[in-house]
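Chemist: Give me the fold of what follows.
(one chain, ligands or ions: 1)
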Amino acid sequence: MNQDRQKKEAAEAALEFISSGDVIGVGTGSTTNFFVDALVGVKSKLDGAVPSSEASAERLRSVGIRVLDLNRTGDLPLYVDGADEATHSGYLIKGGGGALTREKIVASASRKFVCIVDHSKLSDVLGSFPLPVEVIPMAQGLVSRRLVGLGGTPVLRESVETDNGNVILDVRNLNLVDPLQIESDLNNIAGVVENGIFASRPADVLLVGTDSGVRQLRLS
Ligand code: 5RP
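Modeler: Take a look at the predicted model:
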């Protein structure tokens, strides 16, 4: 079965977590796009959605789903989003699409985070996907040097400006065996807005598309 099929099936399986009248958080990326397509069929159940990027806002509007501001909704019952890498404990690397900061904000405001991935995203320890770090532009040099000091190899993502007006450094070779600690350490570097490790707010449920259907891992 191809990867897109696995993403689509995982996305469709997330529909069961929606309750009538919900305002839900919606992430960013190709897997989440399948989820937005699937939402069309249950649109009448939804009161609206809070997107994690301008791209997702646009996509939600294009299928007729009301887009709401997190400052008006308060906490949300559910956030559905993909990931670049996921462990069996629900720790994630996100930000391949550059939306990590808003993704972490919406995930943190949500009581349940359902993460939808194809089977290729699963790993035992985080670190195969280069870690995205969102940085204030004037701090790019400073943050790069600090990342090198931590053993990392940062590379500027060319021609990318985030929805927040910042740049992204993609970092290889960091030791991520203690994701909670490194998530916090990286965010303590002046100029770092956010990094793509989701350990302090991991997924509560992982829906993994496989060749033999969707595997559900309930983690909290
Ligand atoms: C965007 C993300 C995405 O969830 C992640 O990149 C996965 O993308 P895709 O579903 O296209 O594989 O974190 O910032």
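
Chemist: give the contact list for the most centrally placed residue in the chain.
Modeler: Relative to the mean C-alpha position of the chain, the nearest C-alpha, by CA atoms, centre = their mean, is the one of Lys94, at 4.6 Å. Counting by CB atoms under 8 Å, 6 or more residues apart in numbering, Lys94 touches 81-84, 100, 103-104, 132, 196, 198. C-beta coordinates here come from the backbone N, C-alpha and C atoms, glycine included.

Chemist: Of these, which belong to helices?
Modeler: Judged by DSSP state H, the contacts of Lys94 include 100, 103-104 as members of helices.

Chemist: returning to what we had before: pLDDT wise, what is the closest residue to the residue nearest to the centre of the chain other than its chain neighbours at?
Modeler: For Lys94, ignoring the flanking residues on the chain, the nearest one in space by CB to CB, 6 or more residues apart in numbering is Gly196 at 4.8 Å. The pLDDT attached to Gly196 in the predicted structure is 98.

Chemist: and if you look at Ser220?
Modeler: Reading off the confidence values, Ser220 has pLDDT 87.

Chemist: Verify the stated contact: it with Cys115.
Modeler: No. Taking contacts as CB atoms under 8 Å, Ser220 lies outside contact range of Cys115: 11.9 Å.

Chemist: overlap in contacts of these two?
Modeler: Gly90.

Chemist: who has more neighbours, those two?
Modeler: Shown here are Ser220 and Cys115; by other CB atoms under 10 Å, Cys115 has more neighbours (29 against 10).

Chemist: which other helices and strands contact the helix or strand hosting the more buried one?
Modeler: Counting by DSSP states H and E, the secondary-structure element that holds Cys115 is strand 113-118. Strand 113-118 makes packing contacts with helix 3-13, helix 30-39, strand 79-81, strand 205-210 when contacts are defined by 3 or more CB pairs under 8 Å, 6 or more residues apart in numbering; DSSP states H and E.

Chemist: Whether that strand contacts the ligand - can you check?
Modeler: No. Between strand 113-118 and the ligand, judged by CB under 6 Å from any ligand atom, nothing touches; the nearest distance is 7.4 Å.

Chemist: Give the buried residues for that strand.
Modeler: 113-118 (16 or more other CB atoms under 10 Å).
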